[in-house]
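Asker: predicted model and sequence below, questions to follow.
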Amino acid sequence: MSDLTATVIPTKNGFHVDGYEKISYDFTFLDGVFNPENRQLAECYKRWGRVLAVTDLNVYNVYGKQIEKYFQHHGLELKVHKTKIGEKAKTIPTFLSIVDSMTEFGIYRKEPVLVVGGGLVTDVAGFACAAYRRNTNFIRVPTTVIGLIDASVSIKVAVNYGNYKNRLGAYHAPIHTFLDFTFLRTLPTAQIRNGFAELIKISTCSHLPTFELLDKYCEEIIETGFGRTDGASQEVHDAADKINYEGIYEMLKLETPNLHEIGLDRVIAYGHTWSPMHELIPETPLRHGHAISIDMAYSATLANNRKLIGDEEHRRILSLFSRAGLSMDHPQFDEDILDKATAAILKTRDGKLRAAVPSPIGKCTFLNDVEAAELNEALRRHKELMKEYPRNGEGLEAYVDASDTGYTENNSAETEAVEVAAEKAGILNGNGHVHGGSLQVDNDDGINGHANLVDGVNGTNGTNGIEESMANGHSEGLTNGVNGYTNGARA
């Protein structure tokens, strides 16, 4: 019998059903999640004695040996599904390759799949888990800033279909997410910057203290991988931890009452009104962080035109984007694109614009009564303002490369260099705890959610063994530059 709350009421011509399902899942801050001394992840698999892991091939090339040693140490049999994944490979064939591995593994109904990688990996693998037997558990270990800060908060999982982003998907929560910021030691600077935009998003419209910290430590955070690289000061490290914790906490508080997006006025949709078009229009797509930054900067100009933020606040927002090297404009952002993007988002948002804008910094309002003439006037003014900023408001390393598309592997020299950095990251962070606890999220009836600190758990040993499976991928079209970190320092 189900222990879920439901009522069935006879009606004149049939029945009316009200059903409520509890959604409960955990977040644990844990530096060195694959350090053998940290048993929290292994404990999740103690019951099963084995693990099916889905990961990005480039992530595995850097951390694979460490992952294997971790599960060997804890006596857990490991099978790894490796996939080359990016926006171009965020597709049904990639989804089906993961499903095939789940079938070959013989996954049990409640046995959790381990998903290790950035937001693209967690999106596709999460969707595979949502579809497999209609509801298969999974555990997330995000490895990018966007994965850690943004994708980890949402329970949305999806694949692209045709020319449409995230057209096929579901709402499916992982049972646990481990947040290990030492992965940022080996992440390219371009990807650090890409994820930084998500923190500007949440702080500008919902959390002024976090905006203040981003404004104070902007360059240092990007240059040091959120305080995780060698030479980063303790001050920057602590500030980054506070930013990450508060940013994630704020997004959880905003999202958990509305996990299935029944309410369409969403604060965290700041920067997501016109940005989908920015990601699709350029011949070489813009990175997600740069696309939403253009949207956010333009939205700030629109808000300033309406006197929702003053001139000083407006300039402060634009300055932060510029200092971070994030895009605020693009040559193809014109009135025609603005009109098409507006028409597209009206369909998504049930006929209303619902454009989130700061009012003032740290708070948000939603605009619905905006006509095309006002939008175009704001765009013309915005482009004039961009002439005052470096590169006319265009960002640094704004376009996707092989690290985003999944088509190209790290070369061997690059892989060996970052392996050293990864190993050192594990040694430096052996005790594991950033905040000494975890965030537990409970969402009853899909209405009221809250977060509490809870203690970690210990694990025990079992049997060991390693198997690997390799998913099909492409190896065409793109090359991969190196601008990340070696031994926690610039490569």
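Answerer: It's in.
Asker: where does this structure dip in pLDDT?
Answerer: For the chain, the stretches with pLDDT under 70 are 1-4, 86-87, 402-491.
Asker: show me which helix runs longest in it.
Answerer: Scanning the chain for the helix with the most residues, using DSSP state H, yields helix 234-255.
Asker: which of the residues in that helix are classified as buried?
Answerer: 236-237, 239-241, 243-255 (16 or more other C-beta atoms under 10 Å). In this view, the C-beta of every residue, glycine as well, is placed from N, C-alpha and C.
Asker: with stretch 129-141 instead?
Answerer: C129, A130, A131, Y132, T136, N137, F138, I139, R140, V141.
Asker: may I see those arranged in JSON lines, with secondary structure and distance to A151 as well?
Answerer: Formatted as JSON lines, these follow (DSSP: H, G, I helix; E, B strand; the rest coil; distance: C-beta to C-beta, whole Å):
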{"residue": "C129", "secondary structure": "helix", "distance to A151": "15"}
{"residue": "A130", "secondary structure": "helix", "distance to A151": "15"}
{"residue": "A131", "secondary structure": "helix", "distance to A151": "18"}
{"residue": "Y132", "secondary structure": "helix", "distance to A151": "20"}
{"residue": "T136", "secondary structure": "coil", "distance to A151": "19"}
{"residue": "N137", "secondary structure": "coil", "distance to A151": "18"}
{"residue": "F138", "secondary structure": "strand", "distance to A151": "13"}
{"residue": "I139", "secondary structure": "strand", "distance to A151": "14"}
{"residue": "R140", "secondary structure": "strand", "distance to A151": "8"}
{"residue": "V141", "secondary structure": "strand", "distance to A151": "12"}
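Asker: show me which of those residues is closest to M328.
Answerer: R140 (31.4 Å; C-beta to C-beta).
Asker: OK, contacts around the closest one?
Answerer: V115, T122, G126, S152, P174, H176, T177, F178 (C-beta atoms under 8 Å, 6 or more residues apart in numbering).
Asker: same for whichever strand or helix holds L318, what does it pack against?
Answerer: Assigned by DSSP states H and E, L318 belongs to helix 311-324. Judged by 3 or more C-beta pairs under 8 Å, 6 or more residues apart in numbering; DSSP states H and E, helix 311-324 is in contact with helix 189-206, helix 208-223, helix 288-305.
Asker: what is the orientation angle of that helix with helix 288-305?
Answerer: Taking axes from the mean of the first three to the mean of the last three C-alpha atoms, to 10 degrees, one finds that helix 311-324 is oriented at 170 degrees with respect to helix 288-305.
Asker: continuing past helix 311-324, what's the next helix or strand?
Answerer: helix 335-348.
Asker: elements contacting that following helix?
Answerer: If you count contacts as 3+ C-beta pairs under 8 Å, 6+ apart, helix 335-348 packs onto helix 275-280, helix 372-386.
Asker: dump these to JSON lines, plus mean neighbour count and distance to G289.
Answerer: Formatted as JSON lines, the helices and strands packed on helix 335-348 follow (neighbours: other C-beta atoms under 10 Å; distance: least, C-beta to C-beta, whole Å):
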{"stretch": "helix 275-280", "mean neighbour count": "21", "distance to G289": "10"}
{"stretch": "helix 372-386", "mean neighbour count": "16", "distance to G289": "18"}
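Asker: quick one on the thing from earlier: CA-only coordinates of the longest helix of the chain, as PDB, when you get a sec.
Answerer: Extracted C-alpha coordinates of helix 234-255, given in PDB (Å, rounded to 0.1, in the frame of the first residue of the first chain):
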ATOM      1  CA  GLN A 234      42.300  32.000   2.700                       C
ATOM      2  CA  GLU A 235      40.200  35.200   2.500                       C
ATOM      3  CA  VAL A 236      39.200  34.400  -1.100                       C
ATOM      4  CA  HIS A 237      38.700  30.700  -0.300                       C
ATOM      5  CA  ASP A 238      36.300  31.600   2.600                       C
ATOM      6  CA  ALA A 239      34.500  34.300   0.600                       C
ATOM      7  CA  ALA A 240      34.000  31.700  -2.200                       C
ATOM      8  CA  ASP A 241      32.600  29.200   0.200                       C
ATOM      9  CA  LYS A 242      30.200  31.700   1.600                       C
ATOM     10  CA  ILE A 243      29.100  32.800  -1.900                       C
ATOM     11  CA  ASN A 244      28.500  29.200  -3.000                       C
ATOM     12  CA  TYR A 245      26.700  28.200   0.200                       C
ATOM     13  CA  GLU A 246      24.400  31.200   0.300                       C
ATOM     14  CA  GLY A 247      23.800  31.200  -3.500                       C
ATOM     15  CA  ILE A 248      22.800  27.500  -3.500                       C
ATOM     16  CA  TYR A 249      20.700  28.000  -0.300                       C
ATOM     17  CA  GLU A 250      18.900  31.000  -1.800                       C
ATOM     18  CA  MET A 251      18.100  29.100  -5.000                       C
ATOM     19  CA  LEU A 252      16.800  26.100  -3.100                       C
ATOM     20  CA  LYS A 253      14.500  28.300  -1.000                       C
ATOM     21  CA  LEU A 254      13.100  29.900  -4.200                       C
ATOM     22  CA  GLU A 255      12.800  26.700  -6.200                       C
END
